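Enquirer: What follows is a predicted structure for the sequence shown.
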Amino acid sequence: MVYLTRRVTFSAAHRLWSEYLSEDENYNVYDKCANPHGHGHNYILEVTVRGEPEPTTGMVLNLTDMKRIINERVVDGVDHKHLNYDVAWLEGVIPTAEMLVIKFWERLAPAFEGRLYEITLHETENNYASYRGPEA
Ligand SMILES: Nc1nc2c(c(=O)[nH]1)N=C([C@H](O)[C@H](O)COP(=O)(O)OP(=O)(O)OP(=O)(O)O)CN2
Ligand SMILES: [Zn+2]
């Protein structure tokens, strides 16, 4: 089994805020990240597929196709956007790294036809979340 990864970057703004919490609770939980003006990150997204290389091509998947799929299904929708307001498929989602990897998985998995293995989203140099899909 070979694991093949494509890394992409995008920039986006967000505000961490929960409609299930009071204003005080929001500021207690999210602190500076609850600032109403939001803040931005230069995200790094790593998408990993797995499989056996096809003998006739030497590829698990063509990385050029991976690039197109990731750009079309995720990056083009979120790059230079405000994640709380601008992206229809993130409506109602608290845009933490954890929630974003789940939503990105949902958009990418169908296109990779069972070969998607892991998604990792780096929010800062020190903070990242990884997801390997729902438990079977
Ligand atoms: N469970 C989560 N907690 C937090 C998330 C998240 O996505 N999931 N996100 C944030 C903020 O958006 C931001 O990413 C964190 O900022 P900060 O704590 O300043 O992290 P840095 O890596 O920039 O800070 P260093 O001081 O450089 O370590 C908050 N919580
Ligand atoms: Zn943030």
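Expert: Received it, and whenever you're ready, just let me know what you need. Ligands and ions are numbered 1, 2, ... in the order given.
Enquirer: where exactly do the strands run in the chain?
Expert: In the chain, the strands defined using DSSP state E lie at 2-14, 39-51, 81-82, 116-122, 128-131.
Enquirer: Deepest in the core, which of those strands is it.
Expert: strand 116-122 (a mean of 20; mean count of other Cβ atoms under 10 Å). Where you see a C-beta, it was placed from the backbone N, CA and C, and this is true even at glycine.
Enquirer: Can you add distance to V101 and mean pLDDT and give the strands of the chain back as TSV?
Expert: As requested, these are exported to TSV (distance: least, Cβ to Cβ, whole Å; pLDDT from 0 to 100):
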stretch	distance to V101	mean pLDDT
strand 2-14	14	98
strand 39-51	9	98
strand 81-82	17	98
strand 116-122	5	98
strand 128-131	4	98
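Enquirer: Let's have those in a markdown table, adding distance to ligand 1.
Expert: Formatted as a markdown table, those follow (distance: least, Cβ to the nearest ligand atom, whole Å):
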| stretch | distance to ligand 1 |
| --- | --- |
| strand 2-14 | 7 |
| strand 39-51 | 6 |
| strand 81-82 | 13 |
| strand 116-122 | 9 |
| strand 128-131 | 7 |
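Enquirer: mind checking which of the ones you listed is nearest G58?
Expert: Minimum separation from G58 across the strands of the chain (Cβ to Cβ) falls at strand 2-14, 10.3 Å.
Enquirer: what angle separates that closest one from strand 116-122?
Expert: With axes from the mean of the first three to the mean of the last three Cα atoms, to 10 degrees defining the directions, strand 2-14 sits at 40 degrees from strand 116-122.
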